[in-house]
Each structure stands twice: as C-alpha cells, then as structure tokens.
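Novice: Coordinates for the following, if possible.
(one chain, ligands or ions: 1)
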Amino acid sequence: MTLRVAIVGSGPTGLYTFQKLIETAEPLSIFIFEKGDRAGIGMPYTSETADRRMLANIASIEIPPLNQSYHDWLTSQPKAILRSYGVDPDTFDVRTFTPRMLLGEYYRAQFVSLVGKAEARGHFVSIHEGTEISDVVPEAGHVRLETTVGPMCEKFDRVILATGHMFPIDDDPTDHYYPSPWSGLIDADIPAAEVGVMGTSLSAIDAAMAVACQHGQFLQDRDGELSFRPKDSGTKLRITLLSRSGVLPEADFYCPIPYEPLAVCTPDALATERELGARGLLDRAYALFIEELEHDDPDWSKSIGLDELDADSFADAYFAARLQSDPFRWAR
Ligand SMILES: Cc1cc2nc3c(=O)[nH]c(=O)nc-3n(C[C@H](O)[C@H](O)[C@H](O)COP(=O)(O)OP(=O)(O)OC[C@H]3O[C@@H](n4cnc5c(N)ncnc54)[C@H](O)[C@@H]3O)c2cc1C
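Specialist: Sure, this is the predicted structure:
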C-alpha cells in the first residue's frame, strides 16, 4: 500500500507542494482535486478572473522555477503566441511583467510536465478537474473527502488544503453595481459613464482596468509617462478610485538587492539577542534594525530622522513621504 495523499486546489500552492512531494523516493499515490475546469493554473491567472490585458505583478525573476523557469518557458513559446498576449518576443526579460493569463498558461504547462515527472519516478497520480471539495472528514486512521455532488469512497492518509482565498460575495450584482471584480464585471459591457471604485487595492485597480480597457488604451511616451487614449475623444468615462488612506498598494518586488548580505541585523546577531532573554528584546532587535538601515542607506536614514525614531514612531515616519506624494507617481 502506498501513502495516499490528496491535494485540494491546484494553484501555485498546490503546484509547489506537488513538486516537493514527488521528490520523495517512496512511491506515493497523489490525488489532485480542482474545482475549475483546468488544474494547475491558480485563481488569479484564469480567464474567469482575469482579462488578457491584466498584468501579473510578479516577473520571472521573482517566480520560483518549477520544471522550467518562467523566463525559459516564455523563451520556448512561439513569438506569435507571446505577441498575442501583448508581450514583445524580442525585448522581454526576467523583469518583464506579463499578462496574468500567460502566467497561468506557464503554470498549467509546468503542472502537466510535473505529472509526467511524477509518473516517471514511480508515483501514481490521479487528477480530478471540475471537482469541488465541500468537506474534509477525519475518521479513524484516514481522511475522507466530500464533493459538492456527494461523498467519495476514496480514503486518504494525508490531505493538503491549497484552496487559496475566497472572496465574500455579500451582495448580488446588478447592471450598475458589482460587489467585487469577479461578480461579472470582467465580462460586462460598462458604458462610458462616471464609475466609482471603492478601494485602491490591486483588485480595485483590476476593476478600473476592466472598465478602462473597454474604452481605450494606456500608452507610454518616450519619457515613460503613461496616458489614457480613449477610443472616443468625447468620452464621458470618468473613473474615481476611492481610498480611505490615500495610498496605493506598494509595488512589492522580491529582490534582495541592495541589502543582502546583511551587515548588522543578521540572523546570528538576532539569535544572540534572543539568548539574552525576552526583557527588552524588541528594543534591542529594533536597535540592530536601525543600525542596519543606517549602514545600508545613510542618506535615507538621515532624511527620515531615523536616530530620533523608535519602534512605535517608525511606521509613521516611513509612510510620511508616501502620504504627501501623488499616489500614482509614488507607486510608479
Ligand atoms: C485579483 C488577484 C490578482 C493577483 N495577482 C497576483 C500577481 O500578479 N502576482 C502574485 O504573485 N500574486 C497575485 N495574487 C495573489 C495570489 O492569490 C497568489 O499569487 C496565488 O494565486 C496563491 O496561490 P494559491 O495556490 O494559494 O491559491 P489560488 O491561486 O487561489 O489557487 C487555489 C486553487 O484551489 C481551487 N479550489 C479552491 N477551493 C477548492 C475546493 N473546495 N475544491 C477544489 N478546488 C478548490 C481554486 O479553483 C484554485 O485553482 C493575486 C490575487 C488576486 C486576488
């Protein structure tokens, strides 16, 4: 009897879990359950949640490789396919942002090749697309799963939940009100009107893009300035994003440059502080953090008056410049 492992959900979490599982020398029976029609893509990267023009906020350099890196996979694609997603096949590189749906195709291709790899390594894989798990029932010595169409007779030794996050839809959409960008907005024809978007999160920007792209396109000039060119010059389209705090989401790149290797606030230095006991530990750790920042970026440290700050006042000082700036310019 091989160990029977169920993975519920086959987005990136399910995929990276699957990649790790099949490295084991012991043959496993792996069952993958995906409520969507195609396994291995992930919620933000499907046509149900994204439009071809919506970009992922993560580039190849930040994506842990599966069978191939995202960049290598893009390079192996026919140029016409990349062009059809608006990616210039001659200029993209590891830092190019690509449409989410193209990233979804990468994940899907990697999923298919991982399944082949798993089988070649002697694992048994069973894929259940279009299958939504509605309950996980622990029983003596095993776990049972239930689907939305009824219980399964299969029993599992391990169940891994990789279902991502859910969006509460607390209201029904109408033709002029959408409680979330995924309540039909992506496919709806929105007339050129006054549109209000509550919030400025990435989802809010998605919602604004879903409307704006129906009425024109964003163009970048030689200086990198972005402007919107409407299809109809007399358009009545006006989009307002309403923000409680006045800030846009931070562009959060995974790039350990230029701060690594750390000089002061190292894991060893923090471990030494921990060994000295809990008393005053936050202040001592904070002191190391400040010393690190002063060492790495003395000008910036001076500009926010770092030496006058403490762990409580740091956040306000950190955000002050951002709050005073035009949020779009800052995000850019
Ligand atoms: C609009 C939006 C855009 C985003 N864009 C980016 C981005 O550009 N870059 C980035 O790094 N991150 C982005 N994210 C964050 C994103 O959630 C993660 O990058 C990633 O998708 C998380 O992977 P996951 O596998 O945990 O979850 P998901 O991608 O949500 O995958 C979960 C999978 O489980 C399936 N599933 C759920 N419930 C069940 C069930 N009961 N039974 C069977 N299957 C089930 C779903 O269909 C889905 O395929 C975005 C998030 C949102 C909401």
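Novice: State whether Lys155 is indeed within a strand.
Specialist: Yes. According to DSSP: H, G, I helix; E, B strand; the rest coil, Lys155 belongs to a strand.
Novice: which residues touch it?
Specialist: Shown in contact with Lys155 (C-beta atoms under 8 Å, 6 or more residues apart in numbering): Arg4, Glu139, His142, Val143, Arg144. (C-beta placed from N, C-alpha, C; glycine too.)
Novice: neighbours around the second one, how many?
Specialist: A count of neighbours around Glu139, defined by other C-beta atoms under 10 Å, yields 8.
Novice: Would you mind measuring from the closest residue to it other than its chain neighbours to Val136?
Specialist: What sits nearest to Glu139 in space, not counting adjacent residues and going by C-beta to C-beta, 6 or more residues apart in numbering, is Lys155, at 7.7 Å. Separation of Lys155 from Val136 (C-beta to C-beta, to the nearest Å) stands at 12 Å.
Novice: same deal with Gly86?
Specialist: 41 Å.
Novice: likewise Glu23?
Specialist: To Val136, Glu23 is 25 Å away according to C-beta to C-beta.
Novice: Neighbour count for the two, which is higher?
Specialist: Between Glu23 and Val136, counted using other C-beta under 10 Å, the more crowded position is Val136 (14 against 9).
Novice: I'd guessed the more buried one sits against Val143; true?
Specialist: Yes. Under the criterion of C-beta atoms under 8 Å, Val136 makes contact with Val143 at 6.2 Å.
Novice: what sits in contact with each of those two?
Specialist: By C-beta under 8 Å, 6+ apart, the residues touching both Val136 and Val143 are Val159.
Novice: Could you tell me how many residues sit around the residue of the stretch 1-150 of the chain at minimum distance from the ligand?
Specialist: Closest residue of the stretch 1-150 of the chain to the ligand, C-beta to the nearest ligand atom: Gly11 (2.2 Å). Gly11 has 22 neighbours, counted by other C-beta under 10 Å.
Novice: now swap in Thr49 and tell me
Specialist: 19.
Novice: and this structure, which of its residues are near the ligand?
Specialist: Where the chain comes near the ligand, counting by C-beta under 6 Å from any ligand atom, the residues are 8-14, 33-36, 42-44, 49, 56-58, 100, 132-133, 162-164, 202-203, 206.
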